[in-house]
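> my questions concern the predicted model and sequence given below.
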Amino acid sequence: MKNSNRFAVAMSLFLATGAFAAGPAMNTDSPAVEKLKSKLPSTLGFEVKDVRTMTDGTSCITYVVDNGNGGTSTEHAVVDGDKVQRDTMGNTRFASAWNKKCVKGS
């Protein structure tokens, strides 16, 4: 394999592992994750996929829960202090918080 191909493969793996994610290593036992879990209607099948804690203390969380139909749903949340915004249908507050805190803040 040529060196340029090795580099491309290595960079792809580096990016795929989330090495550029903002904040420290993922802490699935963080107060933000516990705050999110307390706001969910059900924690059945709950699994954290990614937690990014931004410089202002806001946590951007990607998680999985059972969807009640025999499958799972990947969802997102923004936890800012005591405020929890989840990506439920039509939640414009979530979209605004995610874009402001998690996308632009990263």
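Perfect, I can see it now. Predicted, not measured: the structure shown is a model, and the values here were computed from it.
> what ranges does this protein have for its helices?
For the chain, applying DSSP state H gives helices covering 3-16, 31-39, 92-97.
> and those helices, which one averages the lowest pLDDT?
Lowest mean pLDDT of the helices of the chain: helix 3-16, a mean of 39.
> buried residues of stretch 88-100, list them for me.
Of all the residues in stretch 88-100, those buried under the rule 16 or more other Cβ atoms under 10 Å are Phe94, Ala97, Trp98. Placement of C-beta: from N, CA and C, glycine included.
> out of these, which comes closest to Arg86?
Using Cβ to Cβ, the shortest approach to Arg86 within the buried residues of stretch 88-100 belongs to Phe94, at 6.0 Å.
> wait, that closest one sits on Val84?
No. Phe94 is beyond contact range of Val84, at 9.4 Å (criterion: Cβ atoms under 8 Å).
> could you report the neighbour count for Glu67?
Wrong residue type there; residue 67 is Asn, not Glu. When neighbours are defined as other Cβ atoms under 10 Å, Asn67 has 14 of them.
> from Lys83, how far off is the closest residue to it other than its chain neighbours?
In space, and not counting its chain neighbours, Asn67 is closest to Ser73: 4.3 Å by Cβ to Cβ, 6 or more residues apart in numbering. Using Cβ to Cβ, to the nearest Å, one gets 22 Å for the distance from Ser73 to Lys83.
> got it, and Ser38?
Using Cβ to Cβ, we find Ser38 at a distance of 13 Å from Lys83.
> then Val65?
Note on Val65: its distance to Lys83, by Cβ to Cβ, is 20 Å.
> so where's the chain uncertain?
Scanning the chain for pLDDT under 70 picks out the ranges 1-27, 105-106.
> where do the strands of it begin and end?
47-53, 59-66, 72-80, 83-86 (DSSP state E).
> list the buried residues in the first one.
Going by neighbour count (16+ other Cβ under 10 Å), the buried part of strand 47-53 is Val48, Val51, Arg52, Thr53.
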